[in-house]
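S.K.: Sequence and predicted structure, then a few things I'm wondering about:
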Amino acid sequence: MMARISSIVVASSISVTASSSRCSLIFPTLDARRSPSCHVIRPCHNGPFQDPSYPQTMKQGCSTPVTVGADHSTTDLPILLAELHRHLTSGDVVDVVLAPEPEETWTLVRALDLLVGAGFELLGSPKQDSHWVKVRARRIRSLPDTVGPDMRILMVGLNPSPASADSGIGYARPGNRFWPAILEAGLASVDRDPLHALTHHGIGMTDLVRRTTRRADEIDRDEYRAGRERVERLVDWLQPRTVCFVGLSGWRITVNRQAVAGIQPVGFGGRPAYVMPHTSGLNAHSKLSDLVSHLRSVNQLAETSST
């Protein structure tokens, strides 16, 4: 059955090629309210993408590669890879071929960064030519990046909580005030919908570290260092108007130990940077009104920053 899945590509919709059949479904919503059974990938067979008569989960060691992004820009890849991550379960191993349109910015480093940002652990050595990169990757318990071109603000968190990783929604832990604050500040209009925030408001989301933990002190400095380098490359590539670190600890550990909240004297990845207090309900030092005020300041910085 697995041989029936030959490729997945993204544009304004997703098309899946299976044998000689072709089908499509609407652009992914990354909606945490979807049924948990949606993690399986089902091959097309003269029917919809999620045809219940052909359940097929990607199994570990599958020999059929999944081709991502054929004939599309590299900037399409993050959302497509996020959708692939959503359709797999933690521990699944898949051979991924990233094959976007040839661009000067397309490099092996970028390909591997995109897979890491989408919540995959790289296994073995990648193969490449001038147009494609093939990598064996394992889906980890993580939260994929929601990023793309023309972002106004890129929100950078520390790392996913179990609630965020399992729901597919950043800042989803009960009591976290990120979504109430961003809605009140006018930066987003739909609660807990990162894709809507990206496509309608230019708000992207990533984390410094991809590994999910219950506590921040479980992250080591090597993870922070690698995460900073990856996110800097992401910012340098996609050029959001402004980068906002949610929580002072990530910025203090990776950039400036003495930093205080607000606009930073140094940018990040060539873009203006703002650091705001963490939105966790455990942060008793910042009220919801304080967080809203910071987000409005971030929005103002984005409005006045040129690309």
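M.R.: Sure thing, it's come through.

S.K.: Which stretches in this protein count as helices?
M.R.: Under the criterion DSSP state H, the chain contains helices at 77-86, 108-117, 162-167, 178-184, 194-201, 221-238, 248-254, 288-304.

S.K.: ok, the spatially closest residue to Gly117 that is not a sequence neighbour to Gly124 distance?
M.R.: Leaving aside its chain neighbours, Gly117 sits nearest to Asp145 (4.1 Å; criterion: C-beta to C-beta, 6 or more residues apart in numbering). Where C-beta positions appear, they are placed from N, C-alpha and C, glycine not excepted. With distances taken as C-beta to C-beta, to the nearest Å, Asp145 is found 23 Å from Gly124.

S.K.: Likewise for Gly186?
M.R.: Taking C-beta to C-beta, one finds Gly186 at 46 Å from Gly124.

S.K.: how about low-confidence regions in the stretch 51-200 of the chain?
M.R.: 51-63 (pLDDT under 70).

S.K.: With neighbour numbers in mind, choose between Asp145 and Gly124.
M.R.: Neighbours were counted for Asp145 and for Gly124 using other C-beta atoms under 10 Å; Asp145 has more, 29 against 9.

S.K.: so the more buried one sits right up against Phe120, yeah?
M.R.: No: applying C-beta atoms under 8 Å as the test, Asp145 and Phe120 come out as separate, 11.3 Å apart.

S.K.: Off-centre distance for stretch 79-92?
M.R.: The chain centroid and the centroid of stretch 79-92 are separated by 11 Å, computed with C-alpha atoms, centre = their mean, to the nearest Å.

S.K.: Could you tell me the end-to-end distance of it?
M.R.: 19 Å (C-alpha to C-alpha, to the nearest Å).

S.K.: Ok, stretch 88-97 next?
M.R.: Start and end residues of stretch 88-97 are separated by 16 Å (C-alpha to C-alpha).

S.K.: Please apply the same query to stretch 125-135.
M.R.: 7 Å.

S.K.: Tell me how many other residues crowd Ile182.
M.R.: What Ile182 shows, counting by other C-beta under 10 Å, is a neighbour count of 26.

S.K.: Could you do Leu143 as well?
M.R.: Using other C-beta under 10 Å: Leu143 sits among 31 other residues.

S.K.: contacting residues for it?
M.R.: The neighbours of Leu143, taking C-beta atoms under 8 Å, 6 or more residues apart in numbering as the test, are Gly119, Pro160, Ser164, Ala165, Gly168, Ile169, Gly170, Asp207, Arg210, Thr212.

S.K.: Let me know the closest of the residues you listed to Leu238.
M.R.: Ranked by distance to Leu238 (C-beta to C-beta), those are led by Asp207 at 15.5 Å.

S.K.: ok, the closest residue to that closest one other than its chain neighbours - contacts?
M.R.: Using C-beta to C-beta, 6+ apart and skipping residues adjacent in sequence, the residue nearest Asp207 is Gly157, 4.4 Å away. Neighbouring residues of Gly157 by C-beta under 8 Å, 6+ apart: Gly170, Tyr171, Met205, Thr206, Asp207, Leu208, Val246, Gly247, Gly250.
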